[in-house]
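Colleague: build the 3D model from these lines:
(4 chains)
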Protein chains: 4
Amino acid sequence: MQILACKKPGELEYQEEVCNRIKPGHSLLKVKAIGICGTDLHAFEGTQPYFTYPRVLGHEIAAEILETTGPNFQKGQSVTVLPYFNCGACVACQKGKGNCCVSLQVFGVHIDGGMKELIQVPDSSLIAGEGLRTEELALVEPFSIALHAVKRAKLEPREFVLIVGSGPIGIATAIFATERGAKVLLLDVHEDRLAAAKKMVEELETYNVRSGSAVEKLQEFSKGTMAHVVFDASGNLEAINSSFQYLAHTGRYVLIGLQAGTIQFSHPEFHKREATLMSSRNADRSDFEEVISFLKNRKINLAHFITNKIGFEELGYKFQGLLDPNSMVIKALVEF
Amino acid sequence: MQILACKKPGELEYQEEVCNRIKPGHSLLKVKAIGICGTDLHAFEGTQPYFTYPRVLGHEIAAEILETTGPNFQKGQSVTVLPYFNCGACVACQKGKGNCCVSLQVFGVHIDGGMKELIQVPDSSLIAGEGLRTEELALVEPFSIALHAVKRAKLEPREFVLIVGSGPIGIATAIFATERGAKVLLLDVHEDRLAAAKKMVEELETYNVRSGSAVEKLQEFSKGTMAHVVFDASGNLEAINSSFQYLAHTGRYVLIGLQAGTIQFSHPEFHKREATLMSSRNADRSDFEEVISFLKNRKINLAHFITNKIGFEELGYKFQGLLDPNSMVIKALVEF
Amino acid sequence: MQILACKKPGELEYQEEVCNRIKPGHSLLKVKAIGICGTDLHAFEGTQPYFTYPRVLGHEIAAEILETTGPNFQKGQSVTVLPYFNCGACVACQKGKGNCCVSLQVFGVHIDGGMKELIQVPDSSLIAGEGLRTEELALVEPFSIALHAVKRAKLEPREFVLIVGSGPIGIATAIFATERGAKVLLLDVHEDRLAAAKKMVEELETYNVRSGSAVEKLQEFSKGTMAHVVFDASGNLEAINSSFQYLAHTGRYVLIGLQAGTIQFSHPEFHKREATLMSSRNADRSDFEEVISFLKNRKINLAHFITNKIGFEELGYKFQGLLDPNSMVIKALVEF
Amino acid sequence: MQILACKKPGELEYQEEVCNRIKPGHSLLKVKAIGICGTDLHAFEGTQPYFTYPRVLGHEIAAEILETTGPNFQKGQSVTVLPYFNCGACVACQKGKGNCCVSLQVFGVHIDGGMKELIQVPDSSLIAGEGLRTEELALVEPFSIALHAVKRAKLEPREFVLIVGSGPIGIATAIFATERGAKVLLLDVHEDRLAAAKKMVEELETYNVRSGSAVEKLQEFSKGTMAHVVFDASGNLEAINSSFQYLAHTGRYVLIGLQAGTIQFSHPEFHKREATLMSSRNADRSDFEEVISFLKNRKINLAHFITNKIGFEELGYKFQGLLDPNSMVIKALVEF
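Modeller: Numbers count the residues shown, from 1 in each chain, chains lettered A, B, ... in the order given. Now for the predicted structure:
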């Protein structure tokens, strides 16, 4: 079968791989679609921590079961995959937080992922598709990342929320924050991304930081309160370090995006707010199940979200183009 | 009456002040004892944020009521004072977190404090002494700072806790963390401070960071888990920035101490732990009441805690000496 | 000035009362409007616990300040009143839950309330009106009762919520539950009350329990899940005891309404669900402030809520009629 | 192999059972020891809900692995079993609360349990013994029941806790409540049980309810506060219904024990306290892991806890005697 490997930063190559025997406790899946994540793009660029090469990318998976020993699953069933393989024994796993396991192996990050025609995954990583369409199934993982972050923040209705970055994670964060009754202001530098977000979340307010002062906009938006919660969904160092200023007293700042640099901020400014800074890493099974339930029950117009559909055989030469900041891509979906 | 003013960093002066008429809704108190806080020492040094000069210092107060209009208080009663005067209307106050009010006026920090024979405070800031002795009453504020931080951390029994700094706040933090069933390792560079802490909290483990590797010590102490919770009670920039490495995955880091510099740490290290960093600022009424209840019911041997007692009339020339790191002072108490 | 006293169950009488001197720490208010609560109606019937007679009723207050010593208030200002006067020292008050103080004195319940032209209340019970209209201000207390209950339940988005009773509290509970993203089914026996609720909360589903099986309706509504949370807003013993059956496994049941009888349910049914039953009593200052913020920012069409406006001078002879279950009253407002 | 079946209430019979082929995803275990639970005793009496007959009892299991396909387990390893087999799909499972799954099958309750020489259990129910001794491993389940209840209650240090029933669950509840810094009063009618508890938890206060008024004792113990938290570990209807009176305002009442009757209490008394009543059912994997960690690190003197050791071959005729309330049994352990 064909796989697409990232041999080193900047270099993708189609390779032929022999299908291995299925390991005990594992299922064989036919990949139907894979979403391209910022992590995949940055891994290709070589700017992502936690990566070594060569690596097969891809962790946002919609698939069909070919063979399984999972007790509640059967051949032909549509599934997605919980791509965070945890050890079950470390301090995080004992707390029920396998998402930040000390020895975490993320499918498509620490180990080879889903850019293959067929994949093998542990039975315990399967999540039933519950009738979702293929393209919805491929979005369960990124939506779960956003939901996990929103739950970390323990949002209250009517709180003012600032989201930095109107990519797929930022938009999904806006969806779940709005659902909880929060008032959301979304920042970005790309007008088209803000427009897409606005089409998906009617109540949303958006602001292009190139058009003036985001601080002033936030003050007006929040009637002087500033943001009860800030989410960084940009993964941009400069954006991360400059967003501490948006926090209201008692504010919480949730970092979803990741980059390799050093976070810096003024201690007195942080202290006087009695602020809280938290990272949000990956997601857990309950997040995936909630997202599936959400997608089944709400009408989300994905036309504004999945901006690009690419055949697996085209991906090799189209991947580079997805990195162009002017490409107006929000979410690209690879179809098999 | 006599007051002791800090005219500018490094300069204290006794001054004579005319007693003003009592303002409506205020009580007149005779100060019995005042604890000297790190904040007071740093204010004298000129290294503390939030300070302007001249300023009368002192916010750890044991006093007796001379006159009051507080409905549940009466003349002659022993009290302590909740020295954080909040606005009641801002985002923090609306959340019930007056301790980090946007317009907070801390008695002895933003406005003149307790280094006076007589003070006026709002009736609403009085807290009944409940039979505590004068020296215990003067400790209610610093103990409340520690309790507030411990409650921020939501400690669970059997969690591993690392406390950096064996001053009054560090020791009180160790007391409340131990009470919750946590296993506590306390770090400092001064052997005598660690010895005093150990005398107050039998179950405590202590380690002098000058004697080797604190990381290795913590690994051994926690059987490889590292710290579920780190408390900084040093207020030292270098210590603060280097303590991120002690965090277990899922770990929480609570900053109690304050300094004027820039906090810095690696984003990937923070992210992979899904860590949480929080400031803990001041305390609230319920913390004060819990501490009073605690001091009434537990036998804490304060002989190892209050290392110096100084008459108010001596304080002017003895203050400088308290800054000497080799003075072996833990808590100095000013008596009137 | 005129007051309206409930001399004994079933008997109201206008009386002339001399205005007393204002007590220290108290404000004198001119009452502008008072809402009539189920508590008032039941007190008149004589079926309410905690009541003794004679008693001046009324605790849902919109007023104007005539005189005050409250530091942040001034003459002429519109206010509402936090009518739960707590001791500040008991186990509940120490937990910051003055709403269920051991020695609670509710204005209009344990002590004489607001059915007077002028009232005196402690300065500390004043809550700024923030520009709300008189009729909105009179609704802050009942809305706060509902919000308090919703916060007790710690609702999550997409949870199924069943509310029993479409009176003012039931409707307000539906508003706040919907705001949090819950899916709400509201039960009552009166079609007009359900219709009014539906007009106020568009997303709401309603069901008349006289029209068939509420259990079957709930099963269909929740796709077999049953209710994550049940709120009783009926205060009817039979309804309370029969609503345990609506609970999903892990379900929470919040009792808002109060009656004098004995609650009864099957232990095995409760146990197998690992259910939680909680009372919700009164509200607290933060609830009041949140409701005021809510009413300022949302457009609630009160025309369907305040069904009757009555002059204070008419109340004596119109009160009896409000008890008629067919009167189609939701909220009656007394105007001065 | 031999099994011991409860054919109907009051009748136990040794039977010969053919060993079945191991089902996929299951492990074969050799039972080393089984604790006898109140549930087993009441099942034998026929007073336990959720039971049908015939039934092989036993769910407190210490065992050794004979065969397994569990990825992290191996032959010869000591294990205990999480005996609550949940569906993974219902409302409770989706909330991560498999302990109260809608279709829960408890090993030894809804399906045949551990009173056999060899048992088969799903790989996913295995829990590594981590070096615990056989008799400790057999206690992990009942200790987890207690820990689960203590965590439900969200105990705070210095809270007053009343535990009703000094059987194994009551004593283990006292251990975990004390560990959290709570002040515990334990009630029973048997002096020897109270004495055993006291030997295991030094700080504990005990009271024989036959010796006077438990209400007065509690008032004295709590200095008038009454109990912040009441745990019922008696499973006795009369005790359950009469323990509402012990609750402080804001109090929480956790039902651990189960019986088949109707719970009854006064609504006004419950309401004025803003009380919370919660059932605690079974436990979850994290409870088991915490208990194992606890037993590894603390020296608990089990001599006062495991009062009877019985050979499996004797159990048939000794079982009846364990029901005698004067038998002075706390925990009986069956050895194989």
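
Colleague: before we move on, what SS does the most centrally placed residue in chain A have?
Modeller: What sits nearest the mean C-alpha location of chain A, by CA atoms, centre = their mean, is residue A:142, with 3.3 Å. Using DSSP: H, G, I helix; E, B strand; the rest coil, the structure places residue A:142 in helix.

Colleague: what about the residue lying closest to it once chain neighbours are set aside, how many residues close to it?
Modeller: Leaving out its chain neighbours, the residue that sits closest to residue A:142 by CB to CB, 6 or more residues apart in numbering or on different chains is residue A:168, at 5.1 Å. In short, each C-beta sits where N, CA and C put it, glycine included. When neighbours are counted by other CB atoms under 10 Å in any protein chain shown, residue A:168 registers 28.

Colleague: residue contacts, residue A:168?
Modeller: Residue A:168 makes contact with A:35, A:37, A:38, A:142, A:305, A:330, A:331, according to CB atoms under 8 Å, 6 or more residues apart in numbering or on different chains.

Colleague: of those residues, which belong to strands?
Modeller: A:35, A:331 (DSSP state E).

Colleague: which of the contacts of residue A:168 has the weakest pLDDT?
Modeller: pLDDT is lowest at residue A:38 among those; the value there is 90.

Colleague: isn't that one right next to residue A:256, touching?
Modeller: No: counting by CB atoms under 8 Å, residue A:38 sits too far from residue A:256 to count as a contact (10.1 Å).

Colleague: what's the average pLDDT for the helix or strand encompassing residue A:270?
Modeller: Using DSSP states H and E, residue A:270 maps to helix A:267-272. Mean pLDDT, computed over helix A:267-272, is 97.

Colleague: okay, now the domains of chain A?
Modeller: Listed domain ranges for chain A are A:2-139+A:305-335, A:145-279 (source: automatic domain parsing).

Colleague: of all those domains, which lies closest to residue B:238?
Modeller: Taking CB to CB, domain A:145-279 is the member of the domains of chain A nearest to residue B:238, at 12.5 Å.

Colleague: quick check: which of the domains of chain A is buried the most?
Modeller: Highest mean neighbour count among the domains of chain A (mean count of other CB atoms under 10 Å in any protein chain shown): domain A:145-279, with a mean of 21.

Colleague: measure stretch A:115-133 end to end?
Modeller: For stretch A:115-133, the separation between the terminal residues is 19 Å (CA to CA, to the nearest Å).

Colleague: would you tell me which residues of the stretch 151-300 of chain A are close to chain D?
Modeller: Selection of the stretch 151-300 of chain A residues close to chain D by CB under 8 Å from any CB of the partner chain yields A:286, A:289, A:290, A:293.

Colleague: mind checking which of these land in strands?
Modeller: Among these, no member falls in strands (DSSP E).

Colleague: can you tell me which of the residues you listed are buried?
Modeller: Taking 16 or more other CB atoms under 10 Å in any protein chain shown as the criterion, what is buried in these is A:286, A:289, A:290.

Colleague: was I right to think the second one contacts residue A:132?
Modeller: No: because the distance of 11.9 Å does not satisfy CB under 8 Å, residue A:289 is recorded as not touching residue A:132.

Colleague: now tabulate the contacts of residue A:168 in TSV and tack on distance to residue B:238.
Modeller: Output for the contacts of residue A:168, formatted as TSV (distance: CB to CB, whole Å):
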residue	distance to residue B:238
A:35	43
A:37	37
A:38	34
A:142	39
A:305	46
A:330	43
A:331	44
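
Colleague: tell me which of the contacts of residue A:168 is nearest to chain C?
Modeller: residue A:142 (18.3 Å; CB to the nearest CB).

Colleague: OK, contacts around that closest one?
Modeller: Under the criterion of CB under 8 Å, 6+ apart, the neighbours of residue A:142 are A:35, A:37, A:60, A:168, A:169, A:172, A:331.

Colleague: residue C:125: which of the residues you listed is nearest?
Modeller: For the contacts of residue A:142, the nearest to residue C:125 is residue A:172 (44.3 Å; CB to CB).

Colleague: helix, strand or coil for the residue nearest to residue A:30 when sequence neighbours are not counted?
Modeller: Excluding the flanking residues, the one nearest residue A:30 by CB to CB, 6+ apart is residue A:64, at 4.8 Å. Here residue A:64 is strand, with the state taken from three-state DSSP.

Colleague: quick check: bridge partners of residue A:64?
Modeller: With DSSP bridges applied, the residues forming beta bridges to residue A:64 are residue A:30, residue A:78.

Colleague: was I right about it contacting residue A:74?
Modeller: No: with contact defined as CB under 8 Å, residue A:64 and residue A:74 do not form a contacting pair (10.9 Å).

Colleague: also near chain C: which of the buried ones among the residues of the stretch 151-300 of chain A next to chain D, exactly?
Modeller: Restricting these to those within reach of chain C (CB under 8 Å from any CB) leaves residue A:290.

Colleague: residue B:336: which of the buried ones among the residues of the stretch 151-300 of chain A next to chain D is nearest?
Modeller: Relative to residue B:336, the closest of those is residue A:286; by CB to CB it sits at 58.4 Å.

Colleague: contacts only, for the closest one.
Modeller: D:94, D:95, D:96.

Colleague: could you do residue A:223 as well?
Modeller: So residue A:223 contacts nothing (CB under 8 Å, 6+ apart).

Colleague: quick one: it is in a strand?
Modeller: No: secondary structure assignment (three-state DSSP) places residue A:223 in coil, not in a strand.

Colleague: do you know how far it is from residue A:247?
Modeller: Going from residue A:223 to residue A:247 by CB to CB, to the nearest Å gives 16 Å.

Colleague: quick one: residue A:10 from residue A:41, how far?
Modeller: Per CB to CB, residue A:10 is found 12 Å from residue A:41.

Colleague: now residue A:98
Modeller: 26 Å.

Colleague: then residue A:66?
Modeller: 29 Å.

Colleague: try residue A:134
Modeller: Shown here: residue A:134 relative to residue A:41, a distance of 22 Å by CB to CB.

Colleague: list the contacts for residue A:253?
Modeller: A:229, A:230, A:232, A:243, A:244, A:247, A:275, A:276, A:277, A:278.

Colleague: get me the contact residues on the stretch 101-250 of chain A for chain C.
Modeller: Counting by CB under 8 Å from any CB, the stretch 101-250 of chain A comes close to chain C at A:157, A:158, A:176, A:179, A:180, A:181.

Colleague: check the gap between the second one and residue B:270 for me.
Modeller: When CB to CB is the yardstick, residue A:158 and residue B:270 sit 30 Å from each other.

Colleague: do residue A:282 as well
Modeller: Residue A:282 sits 14 Å away from residue B:270, going by CB to CB.

Colleague: show residues contacting stretch A:146-158.
Modeller: For stretch A:146-158, the external contacting residues (CB under 8 Å, 6+ apart) are A:99, A:161, A:169, A:172-173, A:175-177, A:180-183, A:228-229, A:231, A:233, A:252, A:254, A:256, A:278, A:280, A:282-284, A:287, A:290-291, A:294, C:176, C:179-180, C:290, C:293-294, C:297.

Colleague: good, wrapping up.
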